[in-house]
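Visitor: A structural model of the following input is requested.
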Amino acid sequence: MDILGATLRVCVDDLETAVPFYERLAGGKALRFERGGVQVAAVGCFLLMSGPEAELEVLRKVAATIAVKDVEEAHGVLSELGARIIAGPVPTPAGRNLIAMHPDGAIYEYVDRQA
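Guide: Here you go, the predicted model:
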């Protein structure tokens, strides 16, 4: 399984206030989208999220987003190593993802950019 990078997940109260700071910090423009009532801005290695507290409470349980070459391959490797697949793989606007709990209890989202 090829791990291509990781994205830090940051829940913020006010996305409009947070985005300019992270754009300057990361040196790039935010890619914005909405998912499940949560406003999201991807800026460099940061994934900023703002929305209803009930949704953010769930999102805070995921430690980071890990980019991989192929989510199906990640699914196999994670399962073989004893991780519990909580959700997915499922298609998203940007590719596919899955949520896995590692044997130590840490929860991560794995994403790819497959068509």
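Visitor: And the longest helix anywhere in the chain, what does it pack against?
Guide: Secondary structure assigned by DSSP state H gives helix 15-26 as the longest helix of the chain. If you count contacts as 3 or more C-beta pairs under 8 Å, 6 or more residues apart in numbering; DSSP states H and E, helix 15-26 packs onto strand 38-43, strand 46-50. For glycine as for every other residue, the C-beta is placed from the backbone atoms N, C-alpha and C.
Visitor: In CSV: those strands, plus mean neighbour count and mean pLDDT.
Guide: Below are those laid out as CSV (neighbours: other C-beta atoms under 10 Å; pLDDT from 0 to 100):
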stretch, mean neighbour count, mean pLDDT
strand 38-43, 20, 93
strand 46-50, 20, 95
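Visitor: Format those as TSV; extra columns: distance to residue 24.
Guide: Listed next are those as TSV, based on distance: least, C-beta to C-beta, whole Å:
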stretch	distance to residue 24
strand 38-43	10
strand 46-50	12
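Visitor: right, so of the ones you listed, which gets closest to residue 92?
Guide: strand 38-43 (11.1 Å; C-beta to C-beta).
Visitor: Point out where this protein drops to low pLDDT.
Guide: Scanning the chain for pLDDT under 70 picks out the ranges 114-115.
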